[in-house]
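Undergrad: Can you look at this prediction? I've put the sequence above it.
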Amino acid sequence: MTSLLVGYAMKPLLVFENRYKDHKGGPHHPENPARLDACLAGLSRDNLIKEFDRIEPRRAGKDEIMLVHTPEHHSTVAATAGQEDSMLDEDTYVCAESFDTALFAVGGLLEIVDLCEPGKEERAFAFPRPPGHHATPASAMGFCLFNNIAIAARYAQKERGFERALIVDFDAHHGNGTQDIFYDDGTVGFFSTHQHPLYPGTGARGERGSGKGEGWNMNIPMIPHSSDVDYKRAYEDELAEFWEFVKPEIVLVSAGFDAHERDPLSQMKVTTAGYRWMAEFILARAAGMPCVFVLEGGYDPDALADCSNAVAKAIAQYR
Ligand SMILES: [Zn+2]
C-alpha cells in the first residue's frame with residue numbers, strides 16, 4: 001500500500017461552467033446557452049450533482065488547439081474575439097466572447113485528462129459549449145469552433161502517456177470533424193452511430209480510415225426513426241468488436257442527445273432509458289480505464305435534462 005487513498009472510491013469529475021454560456025448567437029438558434037440550464041436542471045435532480053467533484057477549466061493554449069487544428073483555423077477564430085457577432089459558416093455563429101469560451105471549453109477537458117493516467121479508472125462528465133465534433137482541422141462547422149474531444153484525445157497521448165484512444169459518438173449527426181482528424185492515424189479509433197441521411201452527409205459505412213488508420217474508423221449510418229433496439233444491436237454487434245480491435249486505454253464519448261425521440265433536429269427515436277443503456281454499455285467495457293463523456297448536441301430542453309440526469313446516474317453508478 002503506497003497511498004492512504006488505495007481502495008477509496010473517488011467521485012467522478014464534472015466540468016460545468018456558467019462561463020460556457022458566454023458563447024451566444026440569439027435565442028432562436030438551437031445551440032444556445034439555455035441548453036446548459038437544461039443540463040443543470042437534470043444534474044440537480046435527485047441531488048445527483050453531489051455525486052461529482054466539480055473541477056475548474058482553464059484556458060487552452062494555442063499549442064493545444066494546434067494538436068488537431070491548423071494555425072490558420074486558430075487565427076480565424078481568434079480574430080473574432082471582441083468583434084461584432086458574425087457567422088463562420090451558415091450555421092456557426094461567433095460573438096465577441098466565443099473564442100475565449102471555446103478555449104475554456106477545450107481547457108475543461110484538458111483539466112480532466114490531466115487527472116487521468118493509463119491503467120487507472122476515472123469517470124467524468126463535461127458540458128462544454130460550443131460543441132466540437134463537426135470542427136475539422138481547418139474549419140469551424142455545424143455550431144462547432146474547435147474539436148474539443150479530438151484535442152483531448154491527442155493531449156492524452158502527448159501529455160499523459162496513453163497510446164490508444166477510442167472515441168464513441170452517439171450524437172444524431174455524424175462527427176465528421178473527428179473522423180477527418182484521425183482518418184489516417186491508427187492510434188485513435190472513431191465509432192459513430194448517426195442518422196443517415198442527415199447533416200453533414202458524411203459517415204458512410206465504407207469510410208473505414210486510410211493508410212495506418214485503415215480499419216480505425218467505423219460508421220454505423222442508421223435510417224430515420226431508428227430506436228433503442230437498433231442502437232442496442234449496433235453496440236452489441238459492432239461496437240463490442242471494434243473495441244477489441246482498438247484496444248483503447250482511454251475512452252471519450254461524444255455525448256450528443258439529439259437522437260432523443262423529442263429532439264427537433266433529428267428523426268431518431270432513442271429514449272432516455274436508451275441513452276442510459278448506451279452509457280452503461282460503454283462504462284462497463286471501460287472498466288479500469290478513464291472514460292469521459294463530453295456534451296455535443298441535444299436541442300430539446302426536457303430531453304437534455306432527462307438525458308443529462310440518466311447518463312450522470314450511469315457514471316455515478318446511481319441506483
Ligand atoms: Zn448533433
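TA: Structure's in. What do you need?
Undergrad: only C-alpha atoms for contact and neighbour calcs from this point on.
TA: OK.
Undergrad: Tell me the strands beside the helix or strand that contains residue 194, with direction?
TA: Here residue 194 sits within strand 188-195, counting by DSSP states H and E. Strand 188-195 has the following sheet partners, assigned by DSSP bridges: strand 165-169 (parallel), strand 217-222 (parallel).
Undergrad: of all the ones you listed, which lies closest to the ion?
TA: strand 165-169 (9.8 Å; Cα to the ion).
Undergrad: How about the closest one and the ion, any contact?
TA: No: using Cα under 5 Å from the ion, strand 165-169 stays clear of the ion, coming no nearer than 9.8 Å.
Undergrad: what distance separates that strand from the centre of its chain?
TA: 9 Å (Cα atoms, centre = their mean, to the nearest Å).
Undergrad: in stretch 65-80, what counts as buried?
TA: Neighbour counts using 16 or more other Cα atoms under 10 Å place 65, 66, 67, 68, 69, 73, 74, 76, 77, 78, 80 of stretch 65-80 among the buried residues.
Undergrad: ok, which pair from those residues is furthest apart?
TA: 67 and 80 (20.7 Å; Cα to Cα).
Undergrad: right, and the secondary structure at the residue in the stretch 101-250 of the chain that the ion sits nearest to would be what?
TA: Closest contact between the stretch 101-250 of the chain and the ion, by Cα to the ion, is at residue 173 (4.3 Å). At residue 173, secondary structure determined by DSSP: H, G, I helix; E, B strand; the rest coil is coil.
Undergrad: mind checking how far it is from residue 267?
TA: 11 Å (Cα to Cα, to the nearest Å).
Undergrad: the longest helix in this protein is where?
TA: The helix that spans the most residues within the chain, counting by DSSP state H, is helix 98-114.
Undergrad: If you count contacts, what does it end up packed against?
TA: strand 13-15, strand 122-126, helix 148-160 (3 or more Cα pairs under 8 Å, 6 or more residues apart in numbering; DSSP states H and E).
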